[in-house]
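Undergrad: Below are the sequence and a predicted model; questions follow.
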Amino acid sequence: MDIIIENNQVTLTINKAQIALNHPDPKAQVILSSTPADYSKSYKGLVFDSPGEYEVNSIMIDGIYLDPGHSAYTLENNFIHCLWLADYDQTPSEKQFDQLDQVNVLVISLDNTNFDDIDKLIKMVEPIIVVAYGNDSDKKATFKKEVSQSETLDKNKLKISKKDLEVETTSYYLV
């Protein structure tokens, strides 16, 4: 799995499928949108913007209802079980995340989120890798301070292999 973040826009590559998160990427096969959106003028591929179960290139995608107008998504293949959460300002309930056993990669926007909620989410999900991104420099500084073992990526691409997920400690990345 590759995670590419440029100008606060995230694109995942899993099983050779490119999946854009909350932005139209002409190279992506799919856009996942955390809120209902109309990308029809700028994008001709698949758009998932609501709860449901989807499959693309042998990747299982589950849209999870958070509250009216907001969804989170899990993406799963043979070894990756990734949770993406953006534009949400409270910790999801345990009931909402009952299906999140074995989440090993958490991709989370720091924008519109407070650190206490991120901390609760990380403790609830217990991922192996956390990738945090956002435009808010104060929130990025807080994340880096609070998660002292976080590594700031100098590049905009993180490659995750099966071997990276066979450890017992959580790695934190800030983009």
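TA: Sure thing, it's come through. From a predicted model like this one, the values you see are computed outputs, not experimental measurements.

Undergrad: The helix or strand of the chain with the lowest mean pLDDT pairs with which strands?
TA: Least confident helix or strand, the chain: strand 151-152 with a mean of 71, by mean pLDDT, DSSP states H and E. Strand 151-152 pairs in its sheet with strand 171-174 (parallel), by DSSP bridges.

Undergrad: contacting residues around the partner strand?
TA: With contact meaning Cβ atoms under 8 Å, 6 or more residues apart in numbering, strand 171-174 is reached by 128-133, 140, 143-144, 147, 149-153, 158, 164. From N, CA and C alone the C-beta is placed, and that goes for glycine too.

Undergrad: gap between that strand and the chain center?
TA: Relative to its chain's centre, strand 171-174 lies at 13 Å (Cα atoms, centre = their mean, to the nearest Å).

Undergrad: CA atoms only for it, dumped as PDB, please.
TA: Extracted in PDB, the C-alpha atoms of strand 171-174 (Å, rounded to 0.1, in the frame of the first residue of the first chain):
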ATOM      1  CA  SER A 171       4.500   4.000  14.300                       C
ATOM      2  CA  TYR A 172       3.300   7.500  13.900                       C
ATOM      3  CA  TYR A 173       3.800   9.600  10.700                       C
ATOM      4  CA  LEU A 174       3.000  13.300  10.300                       C
END
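
Undergrad: now the residue nearest to the spatial centre of the chain, which residues is it bridged with?
TA: Centroid-nearest residue in the chain, with Cα atoms, centre = their mean: Trp84, separated by 2.4 Å. Taking DSSP bridges as the rule, Trp84 bridges to Tyr73, Val107.
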